[in-house]
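Novice: Pasted the sequence and its predicted model underneath.
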Amino acid sequence: MELSVEISMYPLQDDYKPKIKDFLDDINKRAKEAGDIEIRSSNMSTRVFGDFAIVTKVFNDAMERSMGLYGKIVFVVKYLEGDARDLKGYD
């Protein structure tokens with residue numbers, strides 16, 4: 001099943017920008033290794049498109065790593081079944 005996900009990360013500490021960059025670098029690395037996942041990052045969130053099992057594994061592993069390294073972090077995640085790249089006005 002195809003999945004579209006939008007995620008935002010809010011570390012609950014000072015000096016949050018390097019933590020967000022590290023998380024984005026991590027999901028990009030994991031997605032590249034997993035294959036067939038598209039990632040689109042913007043100032044406020046990151047959108048990921050691909051197979052449900054692959055995308056959720058990438059996120060779960062990356063979120064667990066970030067929380068283990070940095071402690072308290074809020075992740076706001078929206079899941080949509082299907083490929084939202086085809087929806088008008090989603091960009």
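Specialist: Perfect, I can see it now.
Novice: Let me see the mean pLDDT of stretch 13-21.
Specialist: Confidence over stretch 13-21, taken as the mean pLDDT, stands at 94.
Novice: Distance-wise, check the residue nearest to residue 80 when sequence neighbours are not counted relative to residue 12.
Specialist: In this structure, residue 80 finds its nearest non-sequential neighbour in residue 4, 4.4 Å apart by Cβ to Cβ, 6 or more residues apart in numbering. To be clear about C-beta, it is placed using only N, CA and C from the backbone, and glycine gets the same treatment. Counting by Cβ to Cβ, to the nearest Å, the gap between residue 4 and residue 12 amounts to 27 Å.
Novice: Also residue 53?
Specialist: If you measure residue 53 against residue 12 using Cβ to Cβ, the figure is 30 Å.
Novice: The residue nearest to residue 80 reaches residue 86, doesn't it?
Specialist: No: with the criterion set as Cβ atoms under 8 Å, residue 4 and residue 86 do not qualify as a contacting pair; they are 9.5 Å apart.
Novice: between those two, which one's more packed in?
Specialist: Looking at residue 4 and residue 86 with other Cβ atoms under 10 Å, you find the greater number of neighbours at residue 4, namely 21 against 10.
Novice: got the contact list for that one?
Specialist: When contacts are counted by Cβ atoms under 8 Å, 6 or more residues apart in numbering, residue 4 touches 47, 48, 49, 79, 80, 81, 82, 83, 84, 85.
Novice: Quick check: bridge partners of the fourth one?
Specialist: Counting by DSSP bridges, residue 79 forms beta bridges with residue 5.
Novice: just the third one next, same as before
Specialist: In this structure, residue 49 has the following beta-bridge partners (DSSP bridges): residue 4, residue 38.
Novice: sec struct for residue 23, please.
Specialist: Under DSSP: H, G, I helix; E, B strand; the rest coil, residue 23 falls in the helix class.
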